[in-house]
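**Student:** fold the following, please.
(chains A, B and C)
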Amino acid sequence: MKREFPLLITAGVGLFMILSFFVPHEIVSVPADFLQQCAIIVVAFGYVLGGANVLKLNADQVYRRTPGWPYKLVLVASLIATVAIGLVEGRGFLNPGMRSKWIYDNLYAPMSATMFAMLAFYIASAAFRAFRIRTVEAGLLAAAALIVMLGRVPIGHVLTSWLPAPLQLPAVQDWVMEVPQNAAKRAILIGAALGVMATGLRVILGIERSYLSGKD
Amino acid sequence: MNPTHDLSIWIGALLTLCVLSFLYRDNPFYKFAEHLFVGVSAGYYIVLNFWTVIVPNLWDPLSRSFAGQGVNAARTGMFAAELGDYRGWLVIPGLLGVLLFSRFFARVSWLSRWSLAVIIGVYAGIKTTGFAQGDFVAQVQSSLVPLWTGQVASSLNALIFTVGLITSLLFFFYSREHKGALGAASRLGIFFLMVSFGAGYGYTVMSRVSLLIGRFQFLLHDWLGMR
Amino acid sequence: MTKFLETLDRRWIFLAMGLLVLLPLMFPLSLPLTVSPRVRAFEAAIARIPDGSTVLMSCDYDPAGIPEMVPMTQTALRQLFDKNCKVVVTCLWNGGPGLVDNVVRGVAAEKHKQDGVDFVNLGFKEGREAVMVLMGQGIANAFPRDYQGRESRSLPIMLHVRDYSSFPLLVNISAGYPGVKEWVQQVQGRFHLPMVAGCTAVSAPEFYPYLQSGQLLGLLGGMAGAAEYEKLRNEKGSATRGMDAQSLAHVFVAICILLGNWVQWRKRREGGS
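**Tutor:** Numbering: from 1, shown residues only, chains lettered A, B, ... in the order given. You can find the predicted model right below:
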């Protein structure tokens, strides 16, 4: 029953959620609404669990003095400090003037933004070192990439302003995006939708059980 | 150049430079910033979910229900639930949330599967209908457009679009070997797919460069006061 | 030359990229912008809603999306406030509530709008699609308290807001998942709420089918979309100022692709001979 009962829960809840899409009567809509509230609350607990797991793993490494443990100490200390300050400050912990808001604005936000900003450098480096045009297909990919990259920014208009309007880079870029690109993307959307529907039904019917990982 | 006197912005700018220093090579400044970021993020997510979900959506209504009260003042009773006002019934998600923590204890970790089962069931149901309605039915419906629109240019576009859609879909049909007519159609479909991947690459470059522009705007304008 | 390029340390590419982005920000080129039809459609969809309506705006992004998302949010909010629309703001990304609040308050202060009366930031709620569907039964059911911890049902702006039927339009500014796709699937498709969207450039191509099918009434794609929207609204914000740098960076990446392949082609030729 350690595996079968959760499968029954998934099947019952999943089928009920699908039913709620078609049946607006309150005999279905109220329990469905309640189940959604349950999911939101349980997912929130999941984030608390995740944070607690990070704390446990890194505190353990600090205790055992594994290589790089001073950095883990920084991690643990900053985690505990952020949680303590946030819990003490209460509901309006992100209001202007709060210490938690200061942590968010001056520690979290700049580092979060910069981590992703580094990708700009790597995409340029990868364009030079890894983007290889060896086949017709790769050539098409490169041509589309170049047209879109240059046509989407002002320099595309500057470079081709001497051409008739329909042949200028922005116009060609627009056509590429709205006709061939759109067609392929729609095909991918439809194919992916079929895949998700199939996987969703497999999960609900208990055929797909990978979320029940671990020993009984 | 007029650097700011705000210490907070200096701290943000220095942390930004610490992270960017990784571009030269891995170094203690980057490692410090990286671990600080992970610690602050994890702590922030815990506090955020506590004050934005666990307290207002669970604790507040549950504690009011112990006094027989809820959103609808006209109804009294701990389990007198109605749409949006679940009172004592919120014990169920509360219990399921606490059961998630059983994962820390090997002997009872199987209890967390009940919580996961509810989450998986809800999202599998929502996503199945969402994809069916939003991505499948609506997209197929809008693909059934007249090929002749009255104008040559837009009719040609409609034809190219339809050919591209059908051949791209045929590329994903793996129940038969791609030979003969199916092989030719799927090869044409690959060409359309490559155009879409190339366009996606172009937009990805734009997105990544934008992120860097944003950081430099912060350093130049907010930190160094260069406008 | 080929040998030099073949063994080029990637840090020189990093340096070149950095300079090509930095210098136009310090010395603008003011390259001309043209407004695309999708951006005009976004602006027109907002212009069509009755003045004084209450609009739902979901800002689903975090600090990594600042350069693309914040200018779109600011310009859309200004357009809505100029029409005396009331705005109910939500955020479904856990990294976003503080940032979104900063942005909303900044524009509201500029337009002298009152918190709780002309706009409200309902803050963040975990749950992604489940929150979207939950809001369909009652906005206040999903968000019993706002960003500041006030009871949302007691706020003047929320007195006439029940569920999605209370809004003529959804303005979604999103950086990924959950975002435009989920709002289209769960809200536009299920509750038939008209919708416009702003998104990062990386996800914009996949939303073109939604535009063509009418599920989206308008689309802002990336910083370029934000800059075009600013131009349409006669504003000169950070997106417009960033387009010169964007242009040069794109030219650089295009040159990298061509140069990298030229080097490989030369190497194959020399290897063959």
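**Student:** how close does the residue sitting furthest away from the middle of chain A sit to C:Asp244?
**Tutor:** Among residues of chain A, the one most distant from the C-alpha centroid is A:Trp162; the distance is 42.3 Å, by CA atoms, centre = their mean. Distance, A:Trp162 to C:Asp244, by CB to CB, to the nearest Å: 21 Å. Yep, even glycine has a C-beta here, placed from its N, CA and C like the rest.
**Student:** find the residue closest to the closest residue to chain A within the stretch 101-250 of chain C in space, skipping its chain neighbours.
**Tutor:** Closest approach between the stretch 101-250 of chain C and chain A, counting by CB to the nearest CB: C:Gly149, at 3.1 Å. Nearest-residue entry for C:Gly149: A:Arg91, 3.1 Å, with adjacent residues in sequence omitted and distances by CB to CB, 6 or more residues apart in numbering or on different chains.
**Student:** that neighbour: how many residues sit nearby?
**Tutor:** Around A:Arg91 there are 18 other residues, counting by other CB atoms under 10 Å in any protein chain shown.
**Student:** report the contact partners of it.
**Tutor:** B:Trp51, B:Val55, B:Pro56, C:Arg145, C:Gln148, C:Gly149 (CB atoms under 8 Å, 6 or more residues apart in numbering or on different chains).
**Student:** and C:Ile173, its phi and psi?
**Tutor:** Per-residue torsions, C:Ile173: phi -110, psi 110 (degrees, to the nearest 10).
**Student:** list the residues that contact it.
**Tutor:** Applying CB under 8 Å, 6+ apart, one finds that C:Ile173 lies in contact with C:57-61, C:69, C:72-73, C:76, C:197-199, C:220.
**Student:** and C:Val120, what element?
**Tutor:** Using DSSP states H and E, C:Val120 falls within strand C:119-124.
**Student:** got the CA coordinates for that strand in PDB?
**Tutor:** Provided in PDB are the C-alpha atoms of strand C:119-124 (Å, rounded to 0.1, in the frame of the first residue of the first chain):
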ATOM      1  CA  PHE C 119      -3.700  50.000  -7.900                       C
ATOM      2  CA  VAL C 120      -2.900  47.100  -5.600                       C
ATOM      3  CA  ASN C 121       0.100  44.800  -5.600                       C
ATOM      4  CA  LEU C 122      -1.300  41.400  -4.500                       C
ATOM      5  CA  GLY C 123       2.200  40.100  -4.300                       C
ATOM      6  CA  PHE C 124       3.500  36.600  -4.900                       C
END
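**Student:** how about the helices in chain A?
**Tutor:** A:4-22, A:26-63, A:69-89, A:99-103, A:109-117, A:119-129, A:136-151, A:154-160, A:169-178, A:180-204 (DSSP state H).
**Student:** pick the most buried one from these.
**Tutor:** Counting by mean count of other CB atoms under 10 Å in any protein chain shown, helix A:109-117 has the highest mean neighbour count of the helices of chain A, with a mean of 23.
**Student:** domain-wise, how is the chain divided?
**Tutor:** In the absence of a named chain, chain A is used. A:4-120, A:121-178 (automatic domain parsing).
**Student:** nope, chain C
**Tutor:** C:2-29+C:244-272, C:37-236.
**Student:** is the first one positioned near chain A?
**Tutor:** Yes - under the criterion of CB under 8 Å from any CB of the partner chain, chain A is reached by domain C:2-29+C:244-272 at C:8, C:10, C:13-14, C:16-18, C:21, C:244, C:246-254, C:256-257, C:259-261, C:264.
**Student:** mind checking which helix or strand the residue nearest the centre of chain C is in?
**Tutor:** Per CA atoms, centre = their mean, the C-alpha nearest to the average position across chain C is that of C:Met69, at 3.5 Å. For C:Met69, the host element (DSSP H and E) is helix C:66-82.
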